[in-house]
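Make a model of this:
(chains A, B, C and D)
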2 protein chains.
Amino acid sequence: MSRPSQPKLTAADHNGVSVIQSQAHVPQLVPANSSSAGGKALPPSKMKKPSVDKDSDEYRQRRERNNLAVKKSRMRSKQKAMDTQQRVNELKEENERLEAKIKLLSKELSVLKDLFLEHAHNLADNVQPPAGAEGSRQF
Amino acid sequence: MSRPSQPKLTAADHNGVSVIQSQAHVPQLVPANSSSAGGKALPPSKMKKPSVDKDSDEYRQRRERNNLAVKKSRMRSKQKAMDTQQRVNELKEENERLEAKIKLLSKELSVLKDLFLEHAHNLADNVQPPAGAEGSRQF
DNA sequence: ACATATTGCGCAATAA
DNA sequence: CTTATTGCGCAATATG
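Numbering: from 1, shown residues only, chains lettered A, B, ... in the order given. As a prediction, this is how the structure comes out:
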């Protein structure tokens, strides 16, 4: 992740120049340095690389493998997105369930508290239950 | 969405053949079939369309606009994904909040119910509150 | 050095 | 006609 070095080219990027189908290929601007006598002691450090050999068999294989990897990666990405969306739905349901439960519990609590209050009033007024209470008649 | 007509080509799709920067363009492989001897009464409609004029000014403009639209669309898509993820986090928090509230309410209910039970027992045993109950002495 | 995984990008088809 | 979305390949880069 994070690619700080995006040249921000609006057009004419590294892009283009694919030309797969035809036999006619790119001019092959290899600087003709390697594979000569003496060969290679130098690490390929500061040289341009116009040589990618689009015709190379190995290149095509790499491309194909990468294309496969790309597909795979994108598939995963989409799957993950869908899973996340699914998670949202599940959580929303769970949420409603919990809210309903809270509502129920609150109602119950309210009822019980009212009973307590009523009882307390009866006691405070020093009144025998006027036949409206829950059932403490003893007369 | 949905493109049922994907020829499943592993390579050499419509792709490639971009070649933006250079003046040299594609060989323009026009099949040169019509107007030859032999006729072919085929209507000019069902033929390939190698004519897209990559060099056309209008083509480049369309491409550029589309590229812009693509960027925009992908940006939105990513934003949406991030929003969805954010929503998941929010819902999870909300969920914990609700669970905690349920726990609290349940506890309160439990306490009140215990009080009621105790009271009920006192009444059932027909016992004058032994100076330990909440206070219903009246004699 | 080497392989796969991610990502930004442009293209073309096609959906809206 | 236009823009929006989508599948795809490429190349750079990240990751292991």
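
Tell me, how many residues neighbour residue A:114?
For residue A:114, the neighbour count with other CB atoms under 10 Å in any protein chain shown is 10. Using the backbone N, CA and C atoms, a C-beta is placed for each residue, glycine as well.

Report the secondary structure element holding it.
Assigned by DSSP states H and E, residue A:114 falls within helix A:57-124.

Packing partners of that helix?
helix B:57-124 (3 or more CB pairs under 8 Å, 6 or more residues apart in numbering or on different chains; DSSP states H and E).

coming back round to it: what mean pLDDT would you report for the helix holding residue A:114?
Averaged over helix A:57-124, pLDDT sits at 94.

does that helix come close to DNA strand D?
Yes - legend: contact between helix A:57-124 and DNA strand D by CB under 7 Å from any atom of the strand is shown at A:63, A:64, A:66, A:67, A:70, A:71.

Tell me how many other residues surround the residue of chain A found nearest DNA strand D.
For chain A and DNA strand D, the shortest gap (CB to the nearest atom of the strand) falls at residue A:63, measuring 3.7 Å. Neighbourhood size, residue A:63 [other CB under 10 Å]: 14.

Residue A:53 now?
Using other CB under 10 Å, residue A:53 is surrounded by 13 other residues.

which residue packs closest to it, ignoring adjacent ones?
Nearest residue to residue A:53 in three dimensions, chain neighbours excluded: residue A:59, at 5.4 Å (CB to CB, 6 or more residues apart in numbering or on different chains).

Could you pull up the contacting residues of the residue in chain A positioned nearest to DNA strand C?
Across chain A, the shortest distance to DNA strand C (CB to the nearest atom of the strand) belongs to residue A:73, at 3.1 Å. By CB atoms under 8 Å, 6 or more residues apart in numbering or on different chains, the contact list for residue A:73 is empty.

The residue nearest to residue A:53 and residue A:51 touch, don't they?
No - using CB atoms under 8 Å, residue A:59 is not in contact with residue A:51; the gap is 10.4 Å.

Settle it for me: which of the two has more neighbours?
residue A:51 (16 against 12).

And what about that one, helix, strand or coil?
What DSSP: H, G, I helix; E, B strand; the rest coil gives for residue A:51 is coil.

What's the local residue count around residue A:91?
With other CB under 10 Å as criterion, residue A:91 counts 18.

correct me, but it touches residue B:89?
No - Residue A:91 is beyond contact range of residue B:89, at 9.8 Å (criterion: CB under 8 Å).
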